[in-house]
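A.B. asks: Quick one, structure for this:
(2 chains)
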Amino acid sequence: MSVEQPQETDELVAQRLAKLASLRARGVDPFAAERFDRTHLAEEVRERFDALAESGEKVAVCGRIVAIRTMGKAAFVHILDASGRIQVYFKLDNVGPEAFSLLEFFDVGDFLGIHGPVFRTRTGEITIQVQTFDILGKALRPLPVGKQKGEEQWYALQDVEQRYRQRYLDLIVNPRAREPLLKRIQVVSEVRRFLEGRGFLEVETPVLQPLAGGAAARPFLTHHNALDADLHLRISLELYLKRLVVGNLEKVFEMSKVFRNEGISPRHNPEYTLLEVYEAYTDLEGMMALTESLVDHVTRALYGGRKFTYAGTEIDVTPPWPRRSMMELLEACAGLTRDDFATLARARAAGERLGLPMEKEHTIGGIIDKVFEKACQPGLVQPAFVTDFPLDLSPLAKKKPGDPWLTRRFEAHIAGQEIANAFSEVNDPIDQRQRFEEQRRMREAGEEDAHPYDADFLRALEHGMPPTGGLGIGIDRLAALLADVPSLRDVIFFPQMRPE
RNA sequence: GAGCCGUUAGCUCAGCCGGCAGAGCAUCUCCCUUUUAAGGAGAGGGUCGUUGGUUCGAAUCCAACACGGCUCACCA
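C.D. replies: All right, here's what the predicted structure looks like:
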């Protein structure tokens, strides 16, 4: 694909430029219009049709032309506004010959405002009888709209690359593309409403950070000229939010972009929206209750009930969700016990028996996680909490009392996907320092994504942090789940693409 | 990063055992005053992703590259 300025040598563009010139020659400048005061959206005209038809009241409606059918001395035009389509009817006798002659300079894609009463055609379609109209803008490039009859579409934009790169066209042309994107907006809105309703403060923390911590991932690098300092784009929200908990903000959340310098796939976008929530004086059980309530709230807001369908399977989010420990699940679905993971060599052997490549695995916990994902995760279809994660996977989670090999951490799984991750946060600065040191050793052993040693964060913990529960949810994945679409790109307006 | 698949008119797609580049929609001209995937008559529109190669001849066969999709790897 190439992006070029519209050329007059392009036939379709040249025709539109000629029509623009013709309109201007008649004293009608499509780009001179600044406003149109509509009385109704298309949907409102349909909803209130009976009353509008009875009173004979004139309506004012505006939108983009998406279909034109001319019939000599009359024409039917469909216009599209934010609420949907509506048909309008131009008749020579109604608008007069001079105005009617302007129709020949209209194209699909142009903007139109019309005034007139409503009626129903012989075939029953609700229609506006145009008395006067204004041209509100002209399209110089053709709009790839197809034919449409009810829900059915023909010839609409299918090319996936063009749909992502020119999402505005996708949104005009493909109603089925629009729905998941609108659901995502609703998910974000309802999450915010839910948390604010429970007294959480929404905060903003730095995107540009000297150290990108709080998760195991590779960051993007950038440079601040005035400071002459290398900075990282954040990979998580965690460590700054916990600094705020230290600072007496007891209930905070942030729902914003983080950036991970990794591959792109239907389930990964380099920048994605992460929700993190922290609440002082609660623990992972508190975070479980919060997670259940949050997902339940959003599901009910979207669907009016506690069930929805994903990939043909009905999901029921009614709390409480079952809690199972990771080792318990591993034994049930793979027949593996703690003995199988007693040493790095034994753990690798267990992984290889399941056909997993183990060359790059440096920690027992990493192998357990990989084996779990392969053997157990696909089976976790209905919502469930998985608890007791290995210590070396969870350098920011409190150790499990009496079993310091494990942590007070859970993940929530739905439809075979991880949708939330939470724990009782480490608030012992000495423990946290040791964990960072352990991560440093792992990095030196070849684990590129190990957490960085963050001395500034340790200083904050040394000033004292209350016991705190923390929760993270990938909003794009949650939205894709709730919108029942297979790819994150279906809930991201402009997914990352290689530059053209 | 690897494997597989795709790229032909503005849009959706045929054509791919090598032999003059096609259809529907859209566009343009003409007819048509309640049509609706409107209809009727006619016309224009192409660097077949790019660059090489094989061949008398390449959209078609081969190679490299570009972009995209899926799967895998990494991760959430």
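
A.B. asks: okay, CA-based contacts and neighbour counts for the rest of this
C.D. replies: OK.

A.B. asks: Which neighbouring elements make contact with the longest helix anywhere in chain A?
C.D. replies: In chain A, assigned by DSSP state H, the helix with the most residues is helix A:175-197. Here helix A:175-197 touches helix A:167-173, helix A:284-303, helix A:475-483, going by 3 or more C-alpha pairs under 8 Å, 6 or more residues apart in numbering; DSSP states H and E.

A.B. asks: Quick one, which of those gets closest to RNA strand B.
C.D. replies: Among those, the nearest to RNA strand B by C-alpha to the nearest atom of the strand is helix A:475-483 (6.4 Å).

A.B. asks: Give the rounded mean pLDDT of that closest one.
C.D. replies: Averaging pLDDT along helix A:475-483 gives 96.

A.B. asks: Determine whether any part of that helix lies close to RNA strand B.
C.D. replies: Yes - using C-alpha under 7 Å from any atom of the strand, helix A:475-483 reaches RNA strand B at A:476, A:477.

A.B. asks: from the chain's centre, how far out does that helix sit?
C.D. replies: 7 Å (C-alpha atoms, centre = their mean, to the nearest Å).

A.B. asks: For it, enumerate the helices and strands it packs against.
C.D. replies: helix A:175-197, strand A:271-280, strand A:307-310.

A.B. asks: Any chance of JSON lines for those, columns distance to RNA strand B, mean pLDDT and mean neighbour count?
C.D. replies: Shown next, in JSON lines, are the helices and strands packed on helix A:475-483 (distance: least, C-alpha to the nearest atom of the strand, whole Å; pLDDT from 0 to 100; neighbours: other C-alpha atoms under 10 Å):
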{"stretch": "helix A:175-197", "distance to RNA strand B": "13", "mean pLDDT": "96", "mean neighbour count": "17"}
{"stretch": "strand A:271-280", "distance to RNA strand B": "5", "mean pLDDT": "97", "mean neighbour count": "22"}
{"stretch": "strand A:307-310", "distance to RNA strand B": "15", "mean pLDDT": "96", "mean neighbour count": "17"}
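
A.B. asks: Just put the ones you listed in TSV and tack on distance to residue A:441.
C.D. replies: Shown next, in TSV, are the helices and strands packed on helix A:475-483 (distance: least, C-alpha to C-alpha, whole Å):
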stretch	distance to residue A:441
helix A:175-197	38
strand A:271-280	27
strand A:307-310	42
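
A.B. asks: Could you work out which of the ones you listed reaches nearest to residue A:295?
C.D. replies: Of all the helices and strands packed on helix A:475-483, helix A:175-197 sits nearest to residue A:295, with 8.4 Å by C-alpha to C-alpha.

A.B. asks: Run the angle between the closest one and helix A:284-303 for me.
C.D. replies: If you take axes from the mean of the first three to the mean of the last three C-alpha atoms, to 10 degrees, helix A:175-197 sits at 140 degrees to helix A:284-303.

A.B. asks: Can you give the contact residues for the helix or strand just after helix A:175-197?
C.D. replies: Using DSSP states H and E, the next helix or strand after helix A:175-197 towards the C-terminus is strand A:201-202. Under the criterion C-alpha atoms under 8 Å, 6 or more residues apart in numbering, residues A:195, A:196, A:251, A:252, A:253, A:254, A:255 lie in contact with strand A:201-202.

A.B. asks: Just checking: what are the partner strands of strand A:201-202?
C.D. replies: strand A:251-259 (parallel) (DSSP bridges).

A.B. asks: Report the mean confidence score over the strand it pairs with.
C.D. replies: The model assigns strand A:251-259 a mean pLDDT of 97.

A.B. asks: Now do it and strand A:271-280, the angle between them.
C.D. replies: 160 degrees.

A.B. asks: residue in chain A nearest to RNA strand B?
C.D. replies: For chain A, C-alpha to the nearest atom of the strand, closest residue to RNA strand B: residue A:121, 2.8 Å.

A.B. asks: hmm, back to that, among the contacts of strand A:201-202, give me the pair with the biggest separation.
C.D. replies: Applying C-alpha to C-alpha across the contacts of strand A:201-202, the maximum distance is between A:251 and A:255, 13.8 Å.

A.B. asks: Poorly predicted segments of chain A, please.
C.D. replies: For chain A, the stretches flagged by pLDDT under 70 are A:1-9.

A.B. asks: try it again with 80
C.D. replies: A:1-9, A:150-153, A:155, A:357-362, A:445-448, A:500 (pLDDT under 80).

A.B. asks: Tell me where the longest strand sits in it.
C.D. replies: Criterion DSSP state E: the longest strand present in chain A is strand A:58-70.

A.B. asks: after that one, next one along is what?
C.D. replies: Counting by DSSP H and E, the next helix or strand C-terminal to strand A:58-70 is strand A:74-81.

A.B. asks: Walk me through which strands that following strand pairs with, and which way each runs.
C.D. replies: Note on strand A:74-81: by DSSP bridges, its sheet partners are strand A:58-70 (antiparallel), strand A:84-91 (antiparallel).

A.B. asks: Is RNA strand B within reach of that strand?
C.D. replies: Yes - Strand A:74-81 is in contact with RNA strand B by C-alpha under 7 Å from any atom of the strand, via A:74, A:76.

A.B. asks: Buried residues of that strand, list them for me.
C.D. replies: Judged by neighbour count (16 or more other C-alpha atoms under 10 Å), strand A:74-81 contains these buried residues: A:75, A:76, A:77, A:78, A:79, A:80, A:81.

A.B. asks: how far away is the spatially closest residue to the fourth one that is not a sequence neighbour from residue A:42?
C.D. replies: This means residue A:78. Setting aside the residues directly before and after it, residue A:78 is nearest to residue A:87 in space (C-alpha to C-alpha, 6 or more residues apart in numbering), at 4.3 Å. Between residue A:87 and residue A:42 the computed distance is 9 Å (C-alpha to C-alpha, to the nearest Å).

A.B. asks: now residue A:205
C.D. replies: Going from residue A:205 to residue A:42 by C-alpha to C-alpha gives 42 Å.

A.B. asks: same deal with residue A:222?
C.D. replies: Residue A:222 sits 47 Å away from residue A:42, going by C-alpha to C-alpha.

A.B. asks: Between those two, tell me which one has more neighbours.
C.D. replies: Neighbour tally, residue A:222 and residue A:42, criterion other C-alpha atoms under 10 Å: the higher count belongs to residue A:42, 23 against 14.

A.B. asks: so who does that one touch?
C.D. replies: A:61, A:80, A:81, A:83, A:84, A:85, A:86.

A.B. asks: wait, the first one sits on residue A:113?
C.D. replies: If I follow you right, that is residue A:61. Yes - look at residue A:61 against residue A:113 with C-alpha atoms under 8 Å: they come within range, at 5.7 Å.

A.B. asks: got any residues that touch both of those two?
C.D. replies: residue A:38.

A.B. asks: Tell me which of the two has more neighbours.
C.D. replies: Neighbours were counted for residue A:61 and for residue A:113 using other C-alpha under 10 Å; residue A:61 has more, 25 against 22.

A.B. asks: What's opposite that one in the beta bridge?
C.D. replies: When assigned by DSSP bridges, residue A:61 has beta-bridge partners residue A:114.

A.B. asks: Starting from residue A:74, give me the distance back to it.
C.D. replies: Taking C-alpha to C-alpha as the measure, residue A:61 and residue A:74 are separated by 19 Å.
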